[in-house]
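Enquirer: Predicted model and sequence below, questions to follow.
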Amino acid sequence: MSKIKPYKNSDLGKKEQVTKMFDTISGDYDGLNRVISFGIDIKWRRKVVKIVKENSPETILDIATGTGDLAINLAETNASKIIGLDISSGMLEIGKEKIKKKGLESKIEMILGDSENMPFKDHTFDAVTVSFGVRNFETLENGLKEIYRVLKPNGTFVILETSIPTKSPYKQGYKFYTKNILPLIGKLFSKDRSAYKYLCESASLFPYGEALNNILRKTGFINVEDLPQTFGVATIYKSSK
């Protein structure tokens, strides 16, 4: 895997830099997501919810929950408890406000924590989800091992992550959009220009498709399957323990 450059020139590690980045852009994040994806990210999250709902989970962990979009959507599964975990306190505060407005405080709990060193016992959750977050793990394999640890046997693990289209003309269009248009949108609408440059670069260098499938299998996950979305600009990965 190609090495992803740091978010900014800094002596801080990737984890600390990513935390600072998301704290800084937390106020812009939801609006920018809608603009950047043309709102299609809402449709992708609904598909994740549908997959998770199939197994009627009682407890769900949403890692890298950010402002809680997926955690809020997961309330539709009728799970009795949903925990959203994130390392950015800025993102979590916005998520808590959204949860409060929807009257979901009794069902969804937002926790500040590290996905690679989680404060949960083994075999705690019926389902674990990560939406646009695995590429921000400091060490991907460590994060996946932690997810495997806290997931119950027969539990469901679903990832939603950016990927790269492999067929023309979508491949060329995606490359042009991420190199020229996406950074411009970030520059215009966000106070942190470096953030969206990092997000673009990390998306282009992160393993996707069968490469990520193989990493999941190596970690111990079974029934691994990838489901490309919207010409391959994003992919849903579903697996189990």
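Expert: Sure thing, it's come through.
Enquirer: Pass me the low-pLDDT residue ranges in this protein, would you?
Expert: 1-12, 35, 186-187, 189-200 (pLDDT under 70).
Enquirer: Paired strands for the longest strand along the chain, with orientation please.
Expert: Scanning the chain for the strand with the most residues, using DSSP state E, yields strand 151-162. Paired strands of strand 151-162, with direction, are strand 125-131 (parallel), strand 234-240 (antiparallel) (DSSP bridges).
Enquirer: okay, those strands, which one's buried deepest?
Expert: strand 125-131 (a mean of 26; mean count of other C-beta atoms under 10 Å). All C-beta atoms are positioned from the backbone trio N, CA, C, and that covers glycine.
Enquirer: can I have it written out in PDB, keeping just the CAs?
Expert: Only the C-alpha atoms of strand 125-131 are listed here, as PDB (Å, rounded to 0.1, in the frame of the first residue of the first chain):
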ATOM      1  CA  PHE A 125     -21.800  -6.000  19.800                       C
ATOM      2  CA  ASP A 126     -24.200  -7.800  17.400                       C
ATOM      3  CA  ALA A 127     -23.100  -5.500  14.600                       C
ATOM      4  CA  VAL A 128     -20.300  -3.000  14.000                       C
ATOM      5  CA  THR A 129     -20.300  -0.400  11.200                       C
ATOM      6  CA  VAL A 130     -17.700   2.100   9.900                       C
ATOM      7  CA  SER A 131     -18.700   4.800   7.400                       C
END
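Enquirer: just how off-centre is it within its chain?
Expert: Strand 125-131 has its C-alpha centroid displaced from the chain centroid by 11 Å (C-alpha atoms, centre = their mean, to the nearest Å).
Enquirer: what's it in contact with?
Expert: 45, 48, 52, 55, 57-66, 69-70, 74, 77, 79, 83, 115, 147, 150-152, 155-161 (C-beta atoms under 8 Å, 6 or more residues apart in numbering).
Enquirer: Mind giving me the ChimeraX command for buried ones among those?
Expert: Command for ChimeraX, covering only those of the contacts of strand 125-131 found buried under the criterion 16 or more other C-beta atoms under 10 Å:
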select :45,48,52,57,59,60,61,62,63,64,65,66,69,70,74,77,79,83,115,147,150,151,152,155,156,157,158,159,160,161
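Enquirer: quick one on the thing from earlier: C-terminal to the longest strand of the chain, what's the next element?
Expert: Next along the chain after strand 151-162, taking DSSP states H and E as the criterion, comes helix 170-176.
Enquirer: Other residues contacting that following helix?
Expert: With C-beta under 8 Å, 6+ apart, helix 170-176 has contacts from 164, 165, 231, 232, 233.
Enquirer: So which of these is the closest to residue 219?
Expert: residue 164 (22.3 Å; C-beta to C-beta).
Enquirer: Identify the residues contacting that closest one.
Expert: 171, 174, 204, 208, 232, 233.
Enquirer: The last one contacts residue 163, correct?
Expert: It stands for residue 233. Yes: counting by C-beta atoms under 8 Å, residue 233 does reach residue 163; the two are 6.8 Å apart.
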